[in-house]
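> For reference, the sequence and a predicted model appear below.
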Amino acid sequence: MKKIPEENLRLIQEFTLFDDLYMNVFFKDFEEGAQWMLRLILDDPQIEIESVRVQEVVLNLTSKTSRFDIAATDKKANHYDTEFQTVLYPDLKKRGRFYLSNEDMDMLPRGENYDTLADSYVIFICRGDVIGDGAPMHHFTMKDENGLELGDGQHLIFINADYAGDWRLKDLMEDFKEADPDKMRYDILKKRAERLKKEEVGIMYMNESLRDLVSKREQAAQLAGYEIAKREQYEKQTKIAQKMLADHMPAKKIAELLDMTVEEIEKIEKNER
């Protein structure tokens with residue numbers, strides 16, 4: 001096996017499905033696993049998954065971009081987004097609403113009738129109780145005050161992976177949190193984890209993914225550092241320009257001395273008034 005840094009080997013063995021990098025690699029091109037997972041969570045053995053995309057980005061020119069952890073589409077065109085959530089952000093409920101709306105936009109082409117909309121599911125698998133009532137799972141659909149189901153096809157699901165009691169999905173949640181393939185309960189997940197953590201081809205692939213992640217983070221850090229330095233330099237120039245303006249120096253002359261535009265100097269002067 002090609003030499004792999006010890007730190008990377010350690011990280012690979014410690015990964016669980018709540019680690020983004022591992023989750024992405026685990027479900028990439030793994031339609032069988034995504035289908036099995038969704039059938040179990042939704043208690044529906046008839047789901048037939050046609051495609052799976054990890055970290056799918058949904059762009060919208062007029063609103064916030066969405067990034068789905070595991071996006072899947074079945075043969076009936078129903079859409080599923082499964083999110084592994086470690087931190088219980090206070091906006092998770094509204095994020096679910098937004099993700100559902102983005103799923104709908106993605107499946108209704110221009111000119112199509114609304115009745116062609118298939119069902120959409122957003123499933124948050126969380127390290128904790130989002131709703132706060134102690135239940136292991138909540139499956140929300142649109143209902144009126146009398147409990148009458150609207151039947152619009154939208155489903156928002158929150159699962160507490162840390163629920164301590166026995167329940168239908170307890171073994172699945174424990175496997176999601178388990179780093180050691182030998183301790184996993186379900187064969188389909190165990191075999192996939194063994195491939196990525198014990199077989200050479202899987203370990204090499206995980207190592208390359210780690211290297212890519214580190215490289216991207218370093219590039220992001222360099223860019224952030226550049227932006228900070230650029231902002232600090234501009235702040236220094238602004239203070240100098242303010243002093244020059246106070247001494248009634250012409251904006252054009254200040255711009256030449258500070259390598260700035262006349263428009264920038266005029267904006268600083270306007271803000272000082």
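All right, it came through fine. Since this is a predicted model, take the numbers as computed values, not measurements.
> ok, Val58 - how many residues close by?
Around Val58 there are 18 other residues, counting by other Cβ atoms under 10 Å. Quick note: C-beta positions are derived from backbone N, CA and C, even for glycine.
> Any idea what it is bridged to?
Counting by DSSP bridges, Val58 is bridged to Ser66.
> quick one: the strands in the protein?
Counting by DSSP state E, one finds strands in the chain at the ranges 49-58, 66-74, 79-85, 120-126, 137-140, 154-160.
> Of these, which is nearest Lys252?
strand 49-58 (45.2 Å; Cβ to Cβ).
> OK, contacts around the nearest residue to Pro181 once chain neighbours are set aside?
Spatial nearest neighbour of Pro181, excluding adjacent residues (Cβ to Cβ, 6 or more residues apart in numbering): Ala193 at 3.8 Å. Ala193 is in contact with Phe26, Pro181, Met184, counting by Cβ atoms under 8 Å, 6 or more residues apart in numbering.
> now Ala135
Asp129, Asn160, Tyr163.
> and which of these is nearest Met204?
Nearest member of the contacts of Ala135 to Met204, counting by Cβ to Cβ, is Asn160, at 35.4 Å.
> Report the beta-bridge partner residues of the closest one.
Beta-bridge partners of Asn160, as defined by DSSP bridges: Cys126.
> Touching, it and Pro136? I think so.
Yes - counting by Cβ atoms under 8 Å, Asn160 touches Pro136, with 5.2 Å between them.
> the more surrounded of the two?
Asn160 (25 against 19).
> any low-confidence regions in the stretch 51-200 of the chain?
Within the stretch 51-200 of the chain, the stretches with pLDDT under 70 are 59-63, 65, 108-111.
> Dig out what Thr73 forms beta bridges with.
Judged by DSSP bridges, the bridge partners of Thr73 are Ser51, His79.
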